[in-house]
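>>> This is the structure alone, sequence omitted:
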């Protein structure tokens, strides 16, 4: 869902100056929300709680590191669309 929305931002705003601003704002908001709510234990997707993600790997910190790297990759993808 997060990746799809970030892709939508890049697709709709391509070379516009809004692309980097919206991409960074959205990804930063997701990272801050993930940290504030201590992971995904309270989040749902399609009615399914995402708390099972907390038990994946070594707990919340292992998951959040991967999540932060994914957010950086999404920003990188949209910045590439902006510069091309």
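That came in fine, so what should we check first? Worth saying up front: this structure is predicted, and the values here are computed from it rather than measured. Numbering: from 1, shown residues only.
>>> Average pLDDT for the longest helix seen in the chain, rounded please.
Longest helix of the chain, by residue count under DSSP state H: helix 60-83. Per-residue pLDDT values over helix 60-83 give a mean of 86.
>>> now residue 28, nearest residue through space, not along the chain?
Spatial nearest neighbour of residue 28, chain neighbours left out: residue 71 (8.0 Å); criterion: C-beta to C-beta, 6 or more residues apart in numbering. Yep, even glycine has a C-beta here, placed from its N, CA and C like the rest.
>>> again, but for residue 74
Using C-beta to C-beta, 6+ apart, the closest residue to residue 74 is residue 6 (4.3 Å).
>>> Hmm, that neighbour is touching residue 23, no?
Yes: here residue 6 reaches residue 23: they are 6.3 Å apart, a contact under C-beta atoms under 8 Å.
>>> joint contacts of those two?
74-75, 78 (C-beta atoms under 8 Å, 6 or more residues apart in numbering).
>>> Quick check: the residue nearest to residue 28 vs residue 33, distance?
11 Å (C-beta to C-beta, to the nearest Å).
>>> Show me which of these two is the more surrounded one.
Counted by other C-beta atoms under 10 Å, residue 71 and residue 33 do not tie: residue 71 has more neighbours, with 22 against 11.
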